[in-house]
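Chemist: Next comes the sequence, and after it the predicted model I'd like to discuss.
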Amino acid sequence: MATPDSFDYVIVGAGSAGCVLANRLTEDAEVKVLVLEAGPKDNNLWIHMPAALTYNLCHDKYNWYYHTEPQPHMDGRVMYWPRGRVIGGSSSLNAMVYIRGHALDYDRWAKREGAAGWSYFEVLPYFKRAETRVSGGDTYRGSNGPLYVSTGSQPNPLFPAFIEAGQQAGYPFTPDMNGRQQEGFGKMDMTIYKGRRWSAAMAYLKPVMKRPNLTVHTRALAGRILFEGRRAVGIEYAHEGKIKRARASREVILAGGAINSPHLLMLSGVGPADHLKEIGIPVLHDLPGVGQNLQDHIEMYVQYESTKPITLYSTFNPVNMARVGVEWLMFRRGLGASAHLEAGGFIRTNEEVEHPNIQYHFLPSLVIDHGRVRPDRHAFQAHVGPMRPTSVGWIKLKSTDPRVHPLLQPNYLATEFDRTEMREGVKLTREVFAQPAFDPYRGAELNPGPDVRTDAEIDAWVRRKADSAYHPSCTCKMGLDEMAVVDPECRVRGLEGLRVVDASIMPSVVSGNLNAPTIMIAEKASDIIRGRAPLPAEVVPVTVFKGPIKQKPAVRPLVERATVAA
């Protein structure tokens with residue numbers, strides 16, 4: 001066994017959260033940090049070209065390539081879950097959509113779910129600290145952060161058609177779904193800068209790689225957390241063909257994400273005692289919430305043939321594909337410089353819903369089998385997904401070998417509530433596409449298709465076709481109840497010297513994509529870890545729609561969390 005290396009902090013995972021922590025903790029030149037990343041460096045060209053985002057979903061070179069257990073409420077289907085196994089983590093593979101979630105998500109965390117200090121007013125300063133919005137900051141948006149965020153600018157007429165169709169259907173326009181008003185249709189923000197993917201690695205890790213107090217090991221698979229008594233003191237990991245140990249004099253920080261963080265905890269004897277005993281792992285600390293409370297967004301693709309040849313189908317011609325690639329390589333512009341999810345929206349399915357429960361991403365192309373099968377015609381689609389599902393699942397160990405993937409059971413569509421939201425999402429989306437804005441472009445409905453009309457037929461189609469939106473979360477949830485894994489300071493409950501900082505600590509999934517919230521979590525956690533006072537809360541008005549789902553908004557300023565304690 002090699003002589004242990006000693007650091008102040010050992011961070012497991014160089015994904016979105018790990019990159020942020022590596023940057024912020026090493027701002028203190030006296031602090032020595034080791035980051036362990038199971039995957040390789042992000043030096044593949046296709047990672048950085050936005051339009052090539054599906055390329056790395058087709059194999060496991062930069063991708064954990066996870067699959068779920070058969071889904072009992074979805075015809076027994078096994079679902080594919082790509083997750084980043086590379087510097088930058090899933091921010092090096094994702095669709096680069098920048099969505100923060102709704103203000104009321106964070107107030108729910110703070111008021112009802114035991115996450116004191118994580119209300120919207122308290123997390124907004126950390127969203128802003130992380131961000132540079134290319135078009136300029138304001139009360140809600142940052143202007144001096146590492147993460148560059150741009151708004152879609154491709155000239156395809158289908159993007160404004162989708163936004164206009166949403167308004168024709170009776171929904172509002174939103175100039176900024178990450179600002180004062182989430183609800184409505186509008187342009188999407190993206191983590192793209194000067195035509196390149198702006199991953200967490202580009203934003204946070206690469207600018208500080210030469211700091212003498214930062215060490216990053218790639219292709220380093222963590223096997224277990226090392227403990228002395230109930231205190232975490234390091235990590236045992238496989239690297240360069242050897243089993244090594246790294247000691248953390250201050251803390252071990254897990255930042256591996258909603259799958260890998262609970263996986264490593266359980267491999268280390270921290271988790272549900274009965275399950276650990278079943279697998280043959282000695283129980284260090286019985287913590288029943290580890291791996292439980294798994295939540296994910298599921299979505300459908302409502303697809304129409306295009307009557308005009310203006311979709312991305314033309315780019316799949318080898319000659320055109322070469323032209324797109326050359327233009328991007330030479331100038332970082334053109335079709336290669338976008339992920340093409342440049343329009344979207346948030347709506348409510350009924351007037352009882354307080355804030356949007358359906359999200360749209362619009363794409364001027366078809367996605368077939370996660371992009372692993374090429375489209376066969378000119379067509380466009382809306383990704384439609386409920387935001388706050390009530391079906392929850394779990395993660396469990398399959399083996400004591402850290403190289404063996406854990407069992408993943410999201411338990412999709414287990415509740416009638418979730419099935420109803422999916423059904424309503426299909427119906428409302430058909431209404432949007434039926435609007436005059438799409439008359440010049442709308443061809444035959446491809447999916448669900450003209451034969452899918454009744455509720456039973458829609459439900460059956462959803463079971464056959466719906467898929468993960470790639471947002472697993474909540475498996476090491478933050479809170480104070482008996483199923484909480486970490487407290488509001490991200491410390492693993494009942495142990496010392498151990499924190500979890502990633503999407504797994506969300507008490508419940510937020511209403512939108514998870515990359516921006518994960519970066520925010522790490523920004524805020526970095527101040528907690530360093531013992532710094534939190535950034536001052538920022539009290540701002542938030543537009544909340546009441547009553548009928550198609551009406552003008554009423555502006556309701558949110559009051560400070562402390563004045564409305566649960």
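Modeler: Sure thing, it's come through. Keep in mind the model is a prediction, meaning the values are calculated, not measured.

Chemist: how near is the closest residue to Asn44 other than its chain neighbours to His48?
Modeler: In space, and not counting its chain neighbours, Asn44 is closest to Tyr62: 6.8 Å by Cβ to Cβ, 6 or more residues apart in numbering. Using the backbone N, CA and C atoms, a C-beta is placed for each residue, glycine as well. To His48, Tyr62 is 12 Å away according to Cβ to Cβ, to the nearest Å.

Chemist: again with Pro436
Modeler: Taking Cβ to Cβ, one finds Pro436 at 39 Å from His48.

Chemist: In terms of packing, which of the two has more residues around it?
Modeler: His48 (19 against 11; other Cβ atoms under 10 Å).

Chemist: Which elements pack onto the strand ranked longest in the chain?
Modeler: Counting residues, the longest strand in the chain under DSSP state E turns out to be strand 242-254. Under the contact criterion of 3 or more Cβ pairs under 8 Å, 6 or more residues apart in numbering; DSSP states H and E, strand 242-254 touches strand 5-12, strand 33-36, strand 221-228, strand 231-239, helix 257-267, strand 498-500.

Chemist: Tabulate those in TSV, adding columns for mean pLDDT.
Modeler: Output for the helices and strands packed on strand 242-254, formatted as TSV (pLDDT from 0 to 100):
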stretch	mean pLDDT
strand 5-12	96
strand 33-36	98
strand 221-228	98
strand 231-239	98
helix 257-267	98
strand 498-500	98
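
Chemist: where does the stretch 351-500 of the chain dip in pLDDT?
Modeler: Along the stretch 351-500 of the chain, no part satisfies pLDDT under 70.

Chemist: show me where it has helices.
Modeler: Under the criterion DSSP state H, counting those that start in this stretch, the stretch 351-500 of the chain carries helices at the ranges 416-433, 455-465.

Chemist: In TSV: those helices, plus distance to Gln71.
Modeler: Formatted as TSV, those follow (distance: least, Cβ to Cβ, whole Å):
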stretch	distance to Gln71
helix 416-433	12
helix 455-465	9
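
Chemist: want to try TSV for those helices, with distance to Glu352 and mean neighbour count as columns?
Modeler: Shown next, in TSV, are the helices of the stretch 351-500 of the chain (distance: least, Cβ to Cβ, whole Å; neighbours: other Cβ atoms under 10 Å):
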stretch	distance to Glu352	mean neighbour count
helix 416-433	12	19
helix 455-465	19	16
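
Chemist: which stretch among those comes nearest Pro541?
Modeler: Shortest separation from Pro541 across the helices of the stretch 351-500 of the chain is recorded for helix 416-433, at 27.3 Å, computed as Cβ to Cβ.

Chemist: how big is the angle separating that closest one from helix 455-465?
Modeler: Angle, helix 416-433 to helix 455-465, by axes from the mean of the first three to the mean of the last three Cα atoms, to 10 degrees: 100 degrees.

Chemist: Helix 416-433 packs against which elements?
Modeler: Using 3+ Cβ pairs under 8 Å, 6+ apart: helix 416-433 touches helix 158-168, strand 298-306, strand 358-363, strand 379-386, strand 442-447, helix 455-465.

Chemist: Go again with 6 Å.
Modeler: Here helix 416-433 touches strand 379-386, helix 455-465, going by 3 or more Cβ pairs under 6 Å, 6 or more residues apart in numbering; DSSP states H and E.

Chemist: which one of the ones you listed lies closest to Ala95?
Modeler: Among those, the nearest to Ala95 by Cβ to Cβ is strand 379-386 (9.4 Å).

Chemist: contacts for stretch 244-261?
Modeler: With contact meaning Cβ atoms under 6 Å, 6 or more residues apart in numbering, stretch 244-261 is reached by 2, 4-13, 15, 17-18, 34, 225, 232-237, 472-473, 475-476, 497-504.

Chemist: what's the span of stretch 395-404, first residue to last?
Modeler: Stretch 395-404 stretches 13 Å from its first residue to its last (Cα to Cα, to the nearest Å).

Chemist: buried stuff in it?
Modeler: Ile395, Lys396, Leu397, Pro402 (16 or more other Cβ atoms under 10 Å).

Chemist: swap in stretch 273-285?
Modeler: For stretch 273-285, the neighbour count (16+ other Cβ under 10 Å) marks His275, Leu276, Ile281, Leu284, His285 as buried.

Chemist: related to what we said a few turns ago, for the residue nearest to Asn44, grab phi and psi.
Modeler: With angles defined as degrees, to the nearest 10, Tyr62 sits at phi -120, psi 20.

Chemist: Run the angle between the longest strand of the chain and strand 5-12 for me.
Modeler: Using the same axes, to 10 degrees: strand 242-254 against strand 5-12 is 60 degrees.

Chemist: how far does strand 242-254 sit from the chain's center?
Modeler: Counting by Cα atoms, centre = their mean, to the nearest Å, strand 242-254 is centred 27 Å from the centre of its parent chain.

Chemist: could I have it exported to PDB, CA atoms only?
Modeler: Extracted as PDB, the C-alpha positions of strand 242-254 are listed here (Å, rounded to 0.1, in the frame of the first residue of the first chain):
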ATOM      1  CA  LYS A 242      -2.700   0.800  -7.800                       C
ATOM      2  CA  ILE A 243      -4.900   1.100  -4.800                       C
ATOM      3  CA  LYS A 244      -4.000   4.400  -3.100                       C
ATOM      4  CA  ARG A 245      -5.000   6.400  -0.100                       C
ATOM      5  CA  ALA A 246      -5.400  10.100   0.300                       C
ATOM      6  CA  ARG A 247      -5.800  11.600   3.800                       C
ATOM      7  CA  ALA A 248      -8.000  14.600   4.500                       C
ATOM      8  CA  SER A 249      -7.000  16.500   7.600                       C
ATOM      9  CA  ARG A 250     -10.200  18.700   7.500                       C
ATOM     10  CA  GLU A 251     -12.900  17.000   5.500                       C
ATOM     11  CA  VAL A 252     -13.900  14.500   2.800                       C
ATOM     12  CA  ILE A 253     -16.400  16.000   0.400                       C
ATOM     13  CA  LEU A 254     -18.500  13.800  -1.800                       C
END
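
Chemist: so what strands line up beside it?
Modeler: Using DSSP bridges, strand 242-254 pairs in its sheet with strand 5-12 (parallel), strand 231-239 (antiparallel), strand 498-500 (parallel).

Chemist: burial measure for Trp109, as a count.
Modeler: For Trp109, the count of nearby residues is 27 (other Cβ under 10 Å).

Chemist: Can you list the helices and strands that the helix or strand it falls within packs against?
Modeler: Element membership for Trp109, per DSSP states H and E: helix 103-112. Counting by 3+ Cβ pairs under 6 Å, 6+ apart, the packing neighbours recorded for helix 103-112 are helix 120-130.

Chemist: do that again at 10 Å, thanks
Modeler: If contacts are counted by 3 or more Cβ pairs under 10 Å, 6 or more residues apart in numbering; DSSP states H and E, helix 103-112 sits against helix 120-130, helix 515-530, strand 541-544.

Chemist: could those go into CSV alongside mean neighbour count?
Modeler: Shown next, in CSV, are the helices and strands packed on helix 103-112 (neighbours: other Cβ atoms under 10 Å):
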stretch, mean neighbour count
helix 120-130, 23
helix 515-530, 24
strand 541-544, 18
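
Chemist: Mean pLDDT and distance to His102 for the ones you listed - can I get that in CSV?
Modeler: Formatted as CSV, the helices and strands packed on helix 103-112 follow (pLDDT from 0 to 100; distance: least, Cβ to Cβ, whole Å):
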stretch, mean pLDDT, distance to His102
helix 120-130, 98, 8
helix 515-530, 98, 11
strand 541-544, 94, 8
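
Chemist: of all those, which lies closest to Ser91?
Modeler: helix 515-530 (5.6 Å).

Chemist: Filter the contacts of stretch 244-261 down to the buried ones.
Modeler: For the contacts of stretch 244-261, a neighbour count by 16+ other Cβ under 10 Å gives the buried set as 7-13, 15, 17-18, 34, 225, 232-237, 472-473, 475-476, 497-504.

Chemist: ok, back up a step: nearest to Tyr171, of the helices and strands packed on helix 103-112?
Modeler: strand 541-544 (13.2 Å).
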